[in-house]
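A.B. asks: Sequence plus predicted model, see below.
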Amino acid sequence: MHHIEVKWLDPRLGDTIPRPDYATEGSAGLDLRACLAEPLVLAPGQTELIPTGMALHLADPGLAAVILPRSGLGHKHGIVLGNLVGLIDSDYQGQLFVSVWNRGSTPFTIEIGERIAQLVVVPVVQVAFETVEEFTPSHRGTGGFGHTGRS
Ligand SMILES: O=c1ccn([C@H]2C[C@H](O)[C@@H](COP(=O)(O)OP(=O)(O)OP(=O)(O)O)O2)c(=O)[nH]1
């Protein structure tokens, strides 16, 4: 288990709004909560940046976090992310925000403290480019986009 520095910027987190936590032992993501002053009605097509009330510092360049939609909200209500996926850099120390997009056809109300997205911490490998004229041959070579047959 990695230990990561976190700041609870909104005093309601841990009081009236639960702090993000893994729902089960096997959960990959922590549900992020909408730290809104009042419920927000998202019209069809509307995108809004929602504060999560928390900041974290991953610190290790071998880590990043991704913000992903919640399956149920996306599938049933059309509530997904305006940036499709949010990427949190290991040196980012500001508040986490979730860009929420109503891609559905009906208004959707985001309640105070509602779980709007999930945060997954992932390993990252940083690379150094080594310029070459020719690659070491590989089995695939330059074939892509269906090159191996219809999928
Ligand atoms: O959904 C998101 C995506 C990003 N961030 C924060 C953390 C991330 O480290 C920072 C910058 O994100 P990104 O590099 O994707 O944004 P950018 O548009 O490229 O801006 P910048 O020039 O600040 O890098 O914004 C969020 O809070 N939520």
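C.D. replies: Yep, it's here.

A.B. asks: wait, what's in contact with the closest residue to Pro69 other than its chain neighbours?
C.D. replies: Sequence neighbours aside, Val80 is the residue nearest to Pro69 in space, at 4.6 Å (criterion: CB to CB, 6 or more residues apart in numbering). From N, CA and C alone the C-beta is placed, and that goes for glycine too. For Val80, the contact set (CB atoms under 8 Å, 6 or more residues apart in numbering) comprises 69, 73-74, 100-101, 103.

A.B. asks: Need phi/psi at Val80.
C.D. replies: Backbone geometry at Val80, expressed as degrees, to the nearest 10, gives phi -130, psi -160.

A.B. asks: next one: Ser27
C.D. replies: Here is the backbone geometry of Ser27 (degrees, to the nearest 10): phi -60, psi 140.

A.B. asks: so what's it scoring on pLDDT?
C.D. replies: Per-residue pLDDT puts Ser27 at 96.

A.B. asks: Now for it, how many residues are close by?
C.D. replies: Ser27: 12 surrounding residues under other CB atoms under 10 Å.

A.B. asks: how far away is the residue nearest to Pro69 from Gln95?
C.D. replies: Distance of Val80 to Gln95, given as CB to CB, to the nearest Å: 21 Å.

A.B. asks: Tyr92 versus the residue of the chain found nearest the ligand, what's the distance?
C.D. replies: Per CB to the nearest ligand atom, Gly86 is where the chain lies closest to the ligand, at 2.1 Å. Separation of Gly86 from Tyr92 (CB to CB): 11 Å.

A.B. asks: Looking at the two, which is more packed in?
C.D. replies: More crowded of Gly86 and Tyr92, by other CB under 10 Å: Gly86, with 19 against 15.

A.B. asks: What does the pLDDT read for the more buried one?
C.D. replies: At Gly86, the model reports a pLDDT of 98.
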